[in-house]
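In: What follows is a predicted protein model with its sequence.
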Amino acid sequence: MRQTVRDAVPGAASHSDEFLAGALKRLLARGHAAEARERYGELVRRHQGRASRIAYGLLRDAAEADEAVQDAFVKAYSHIATFREDLSFEAWLTRILVNGCRDRLKSRTRRQRWLVTMTHPLEEQSARVLRATSKSPEELLLQQERHARLARALTELPERQRTVFVLTHQDGRTAREVSELTGLNESTVRGHLFRAVRQLRAMLGHEAQPSGRSTRAPMTAARGFLPEPAD
Amino acid sequence: MRCVHPNDEGLIASCLEADRDVVSRAALCPSCRDRLREIELWLEQVRDDLNAEADAQFGPERLARQHAAILGRLAASEVSARLLRFPARAIPTAVWTAGRRWIAAAAAAGLLIGVVAERVIDIGQPASRGAPRVAPVLRAARTAPVRDLRNRSEEAFLIEIESALDAPRIAELRAIDAFTPRVREANTRR
């Protein structure tokens, strides 16, 4: 009876990503493609949610983010033979994904320069968020407006600042990890992150003060973005 | 320790690099600590909002479709790899490569000879014949064969436009330079 990875390693779902990736390499080397795909499905399941968040944070378009995530997983599978098991599969996949998203952003910039776009995706997607939740109408409206403002602000960030901000703040990576993912110098990563946060605060109505208390635009405070500061 | 009352930028740096303790929190006065806390809460809110928005877009159903699409693409790529291809005509690689090298070298030599010859002939011609010689150059540029764009993808076409705009237009510059009047020539005609 042909021995498979499943037989050899019961409960493969509990194994680390690197172990599964290594098993994949061996299965593909032996020509067991169907089984390799099944094992890879487990890796996809583990990482697709996080990958989708990152892609959406970078691209700000759900359909394009979906495609970017699919492309990243397909590319990772086709290059699994080059994956080093002593490194993090998550970091390797994230790097593939980020590079793919950056290529898509360049392509989008090129299209926007030469072609006329007919739709604005931000409003459509904000409306989708409104329908997806079950809060009161006022809360939904405030949330929708907050998300729309945040989405616009994030879109206006330069590409590198947005990438660093999403990877650091939304994906919870350290500056060193972001440096390895993007190829940027660690101090450059910190600089981009700082400028991104400063710019977002400015765009979302948090005026910087040289010293003393910071002030928020009254409308922002009234809309429940943050609790009222103590006077 | 006396509070230095850092500005917002100092407090942002402190939030982002808490592990490096850019601004010692213990040294902050209550007011500055409130400001620092406000920035921290704001950052948490932004992160929660971004994640909530992304999760609303990528719910369980969409993720399941995405999962199926990924595995489907992998299966499809394996099927296409199994298709048999027509065997190409067996041409000895060494001969083929050597032949192409000779052809490329001959083409480059011919081009160089042509450019040098044109330059030599141009220098020998009197100035009054400068203008008529421009017309063929310009005409040649205008009637240069237009590439068939129908089979190109949109992306490749846009990249080509950008390359054309970024690259120096040497041929056009030469043509313009050829009919730009020189002070020397104007003085000679007088």
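Out: On my side now, so go ahead.

In: Could I get the full set of helices for chain A?
Out: Applying DSSP state H to chain A gives helices spanning A:5-8, A:17-29, A:33-59, A:62-78, A:89-114, A:121-132, A:137-156, A:159-165, A:175-182, A:186-203, A:218-222.

In: B:Glu17 is nearest to which of those?
Out: Across the helices of chain A, B:Glu17 has its closest neighbour in helix A:186-203 (6.9 Å, Cβ to Cβ). Glycine gets a C-beta too; all of them are placed from N, C-alpha and C.

In: Can you check what angle separates that closest one from helix A:137-156?
Out: Orientation of helix A:186-203 against helix A:137-156 (axes from the mean of the first three to the mean of the last three Cα atoms, to 10 degrees) gives an angle of 140 degrees.

In: quick one: helix A:186-203 near chain B?
Out: Yes - against chain B, helix A:186-203 shows contacts by Cβ under 8 Å from any Cβ of the partner chain at A:190, A:193-194, A:197-198, A:200-201.

In: got these as a markdown table, with pLDDT and neighbour count columns?
Out: A markdown table is the format used below for the residues of helix A:186-203 next to chain B (pLDDT from 0 to 100; neighbours: other Cβ atoms under 10 Å in any protein chain shown):
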| residue | pLDDT | neighbour count |
| --- | --- | --- |
| A:Arg190 | 91 | 20 |
| A:Leu193 | 92 | 22 |
| A:Phe194 | 91 | 19 |
| A:Val197 | 92 | 23 |
| A:Arg198 | 91 | 17 |
| A:Leu200 | 92 | 22 |
| A:Arg201 | 90 | 22 |
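
In: mean confidence score for the lengthiest helix in chain B?
Out: Longest helix in chain B, counting residues (DSSP H): helix B:93-124. Within the predicted structure, the mean pLDDT of helix B:93-124 is 74.

In: Report the buried residues of stretch B:62-73.
Out: For stretch B:62-73, the neighbour count (16 or more other Cβ atoms under 10 Å in any protein chain shown) marks B:63, B:66-67, B:69-71 as buried.

In: Show me which of these is closest to A:Pro137.
Out: Using Cβ to Cβ, those come closest to A:Pro137 at B:Leu63, 28.3 Å.

In: Name the residues that touch the helix or strand where that closest one lies?
Out: Using DSSP states H and E, B:Leu63 falls within helix B:60-81. With Cβ atoms under 8 Å, 6 or more residues apart in numbering or on different chains as the test, helix B:60-81 has contacts from A:33, A:37, A:40-41, A:44-45, A:48-49, A:52, A:66, A:69-70, A:73-74, A:77-78, B:58.

In: For that helix, C-alpha coordinates in CSV please.
Out: Extracted C-alpha coordinates of helix B:60-81, given in CSV (Å, rounded to 0.1, in the frame of the first residue of the first chain):
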residue,chain,number,x,y,z
PRO,B,60,-16.3,33.0,5.4
GLU,B,61,-18.1,32.5,2.1
ARG,B,62,-15.7,34.6,0.1
LEU,B,63,-12.7,32.9,1.8
ALA,B,64,-14.2,29.5,0.9
ARG,B,65,-14.6,30.6,-2.8
GLN,B,66,-11.1,32.0,-2.7
HIS,B,67,-9.8,28.6,-1.3
ALA,B,68,-11.6,26.7,-4.0
ALA,B,69,-10.3,29.1,-6.7
ILE,B,70,-6.7,28.7,-5.6
LEU,B,71,-6.9,24.9,-5.6
GLY,B,72,-8.7,25.0,-8.9
ARG,B,73,-6.0,27.0,-10.5
LEU,B,74,-3.3,24.7,-9.2
ALA,B,75,-5.2,21.7,-10.6
ALA,B,76,-5.7,23.4,-14.0
SER,B,77,-2.0,24.3,-14.2
GLU,B,78,-1.1,20.6,-13.7
VAL,B,79,-3.4,19.5,-16.4
SER,B,80,-2.0,22.0,-18.9
ALA,B,81,1.5,20.8,-18.1
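
In: Report the angle between it and helix A:33-59.
Out: Using the same axes, to 10 degrees: helix B:60-81 against helix A:33-59 is 130 degrees.

In: Excluding covalently adjacent residues, which one is nearest to the residue nearest the centre of chain A?
Out: Centroid-nearest residue in chain A, with Cα atoms, centre = their mean: A:Ile54, separated by 0.4 Å. Nearest residue to A:Ile54, sequence neighbours excluded (Cβ to Cβ, 6 or more residues apart in numbering or on different chains): A:Asp171, at 5.6 Å.

In: what sits against the one you found?
Out: So A:Asp171 contacts A:50, A:53-54, A:57, A:94 (Cβ under 8 Å, 6+ apart).

In: farthest-separated two in these?
Out: Maximum distance among the contacts of A:Asp171 (Cβ to Cβ): 12.1 Å, for A:Gly57 and A:Thr94.

In: Now stretch A:148-167: buried residues?
Out: A:148-151, A:153-154, A:157, A:160-167.

In: Keep only the residues you listed that also lie close to chain B.
Out: Restricting those to those near chain B - Cβ under 8 Å from any Cβ - leaves A:150-151, A:154, A:166.
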